[in-house]
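K.L.:
next come a sequence and a model predicted from it.
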Amino acid sequence: MSARGHHALLKIWHAWIAGAFLVAYVTADEDTYAMHLFAGYAVLAAVAARLLAGALAPASNPLRLPRPSLRAALSWLAERRGRHPLFAWFAAVLPTIVGISAVSGALADGTPWLESPHEAVSEAALWVIFGHIAFVSAIYGGRRLWRRLSAALSGSRSTFRSKEQSP
Amino acid sequence: MLGRTLVYGLMAAVLIGSAAAVYADVKDNGNRPAEMPPSTAAGQPAATGGDGYIRPTADRPAPAVDETKRSERQGESAERHRRGHDDDDD
């Protein structure tokens, strides 16, 4: 399979886990418990599929599991070159915390005392997801937004100056 | 790219949510107790009022209560939430 195919698989998997988590979060109520259970197992299946794909993928394959490194992060901070280290950290932390949430939820189905820890981990996972969205938006959309803002500001500044200079 | 990622995630959420709703519906229909026609101990139809509604009689057996794990947990969970909730919550 080509690299493009692997990236397509990653996108499909990303949509799967994100969509399933969204449904599970929204249906986390006693009235929609069956839906919550279904979506939760969909999340668990997505995490399991990712672990399996990552374990079987050869080295330098996009499906390989990320290995965040503190040393790499420190050297990036010093030199500001190469891929941002938070990519690898989010790629490792997110499936981990979402996986813990899914596993605790599956166990809570038969062990009621796990419901509160499951809820706590799921709320924490949501904040990690918000951080991930903010980071990706800043990396991919932030530069374009900054350029637009700068262009808008410089355009309005030149308009203001020309109005000042005109009689 | 960001927009497409969000759209794919929402599409997946719609698909999974639909499947979850179908699953919940099938599960509810399976758990619902069978609707038996009410009858007396002698097997005669239960008494109806003049308006056609079945009225409980001494002979009519109590309906079976299907104590599924879900309904027990719902009851416990609902009670826990009621204790912790104010009137203006939800």
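P.N.:
Structure received. Numbers count the residues shown, from 1 in each chain, chains lettered A, B, ... in the order given.
K.L.:
from chain B, which residue is nearest to chain A?
P.N.:
The nearest approach of chain B to chain A comes at B:Ala12, 2.8 Å away (CB to the nearest CB). Heads up, the C-betas are built off the backbone N, CA and C, glycines and all.
K.L.:
helix or strand for A:Ile133, which one?
P.N.:
Assigned by DSSP states H and E, A:Ile133 falls within helix A:115-136.
K.L.:
let's see that helix as CSV, backbone CA atoms only.
P.N.:
Taking Å, rounded to 0.1, in the frame of the first residue of the first chain, the C-alpha atoms of helix A:115-136 are listed here in CSV:
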residue,chain,number,x,y,z
GLU,A,115,-18.5,4.8,37.0
SER,A,116,-17.0,7.8,38.8
PRO,A,117,-13.4,7.2,37.7
HIS,A,118,-14.6,6.5,34.2
GLU,A,119,-16.4,9.8,34.2
ALA,A,120,-13.4,11.6,35.5
VAL,A,121,-11.0,10.1,32.9
SER,A,122,-13.5,10.9,30.1
GLU,A,123,-13.8,14.5,31.2
ALA,A,124,-10.0,14.8,31.3
ALA,A,125,-9.8,13.1,27.8
LEU,A,126,-12.1,15.8,26.5
TRP,A,127,-9.7,18.6,27.7
VAL,A,128,-6.8,16.8,26.0
ILE,A,129,-8.9,16.6,22.8
PHE,A,130,-9.5,20.4,23.1
GLY,A,131,-5.7,20.9,23.5
HIS,A,132,-5.1,18.7,20.4
ILE,A,133,-7.6,20.7,18.3
ALA,A,134,-6.1,24.0,19.5
PHE,A,135,-2.6,22.8,18.7
VAL,A,136,-3.5,21.5,15.2
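K.L.:
name the residues of it that are buried.
P.N.:
Across helix A:115-136, burial judged by 16 or more other CB atoms under 10 Å in any protein chain shown covers A:Glu115, A:His118, A:Val121, A:Ser122, A:Ala125, A:Leu126, A:Ile129, A:His132, A:Phe135, A:Val136.
K.L.:
the first one reaches A:Ala106, doesn't it?
P.N.:
It stands for A:Glu115. No - using CB atoms under 8 Å, A:Glu115 is not in contact with A:Ala106, being 11.9 Å away.
K.L.:
picking up where we left off before, what packs against the helix holding A:Ile133?
P.N.:
helix A:3-26, helix A:85-108 (3 or more CB pairs under 8 Å, 6 or more residues apart in numbering or on different chains; DSSP states H and E).
K.L.:
which of the buried residues of helix A:115-136 sits closest to A:Leu77?
P.N.:
A:Phe135 (15.2 Å; CB to CB).
K.L.:
any idea whether A:Ala78 is helix, strand or coil?
P.N.:
State at A:Ala78, reduced to three classes by DSSP: H, G, I helix; E, B strand; the rest coil: helix.
K.L.:
now swap in A:Pro58 and tell me
P.N.:
Counting by three-state DSSP, the backbone at A:Pro58 sits in coil.
K.L.:
likewise for A:Ser75?
P.N.:
Using three-state DSSP, the structure places A:Ser75 in helix.
K.L.:
quick one: it and B:Val26, what's the gap?
P.N.:
Computed as CB to CB, to the nearest Å, the A:Ser75 to B:Val26 distance reads 54 Å.
K.L.:
rewinding a little: with pLDDT added, can I get the buried residues of helix A:115-136 in JSON lines?
P.N.:
Below are those laid out as JSON lines (pLDDT from 0 to 100):
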{"residue": "A:Glu115", "pLDDT": "93"}
{"residue": "A:His118", "pLDDT": "96"}
{"residue": "A:Val121", "pLDDT": "96"}
{"residue": "A:Ser122", "pLDDT": "96"}
{"residue": "A:Ala125", "pLDDT": "96"}
{"residue": "A:Leu126", "pLDDT": "95"}
{"residue": "A:Ile129", "pLDDT": "94"}
{"residue": "A:His132", "pLDDT": "93"}
{"residue": "A:Phe135", "pLDDT": "90"}
{"residue": "A:Val136", "pLDDT": "88"}
